[in-house]
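sequence isn't available, so here's the structure alone:
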């Protein structure tokens, strides 16, 4: 059975630096009829488990550790036995949400995760958060960007642990070098493509200064 991408939207609250915002998050499930990984276990572990439909969950991959991307991860891990994977540079953010439950494993730049016969390569893309990562799956023609790149520009960098020059470097060097027809599966909102976003880099830089 060929690997595919399943999509779930969950809703909850993003909280940082004393503020709270209602958000809708994209949860991505990559796999086949037998096994899968979850990218960003947001808000509703029961809904994510239901979307898995009994498939073996190989890993819960966190693109970064803002609470809205990880709040359901421990409950999903307990329900499925799957390990939670996070880049270690985001551990301080993780511990703000889950001080009692540390991740089970780390993500490193260039690491390869295999599920349903396809490989997802970890790209460390700091800026929105120090340990932000994207996952590139060339066999699916997709990159899962978390909050690093959206339709219309970079993720937000106006809060703690973030840096606008760093996210621009990450996008320029790690993402815009991918094939133009690569579909960008984002942490919030609609998908886009690398080719649609690449021409606007200079605009983002001017806007960000």
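Alright, I've got the coordinates. The structure presented is a predicted model; accordingly, all values stated were derived computationally and were not measured.

list the contacts of residue 76.
Residue 76 is in contact with 38, 41, 45, 48, 49, 57, 60, 82, counting by Cβ atoms under 8 Å, 6 or more residues apart in numbering. For glycine as for every other residue, the C-beta is placed from the backbone atoms N, C-alpha and C.

quick check: the third one touching residue 70?
I take that to be residue 45. No - applying Cβ atoms under 8 Å, one finds residue 45 not in contact with residue 70, separated by 11.2 Å.

who's more crowded, these two?
When residue 45 and residue 70 are compared for neighbours, residue 70 comes out ahead with 26 against 22, by other Cβ atoms under 10 Å.

can you list phi and psi of the more buried one for me?
Dihedral pair for residue 70: phi -130, psi 0, per degrees, to the nearest 10.

who's in contact with it?
40, 41, 42, 62, 84, 86, 94, 97, 98.

just these: which are in helices?
94, 97 (DSSP state H).

most neighbours out of the contacts of residue 70, which is it?
The most neighbours of any of these, using other Cβ under 10 Å, belong to residue 42, which has 32 neighbours.

show me the helices in this structure, by range?
Assigned by DSSP H, the chain shows helices spanning 45-52, 67-70, 73-80, 91-97, 164-170, 194-197, 201-208.

which stretch in those helices has the least confidence?
Out of the helices of the chain, helix 201-208 stands lowest, with a mean of 92 (criterion: mean pLDDT).

which residues touch stretch 169-184?
123-127, 132, 134, 136, 138, 141-143, 145, 148-151, 154, 191-195, 197-198, 201.
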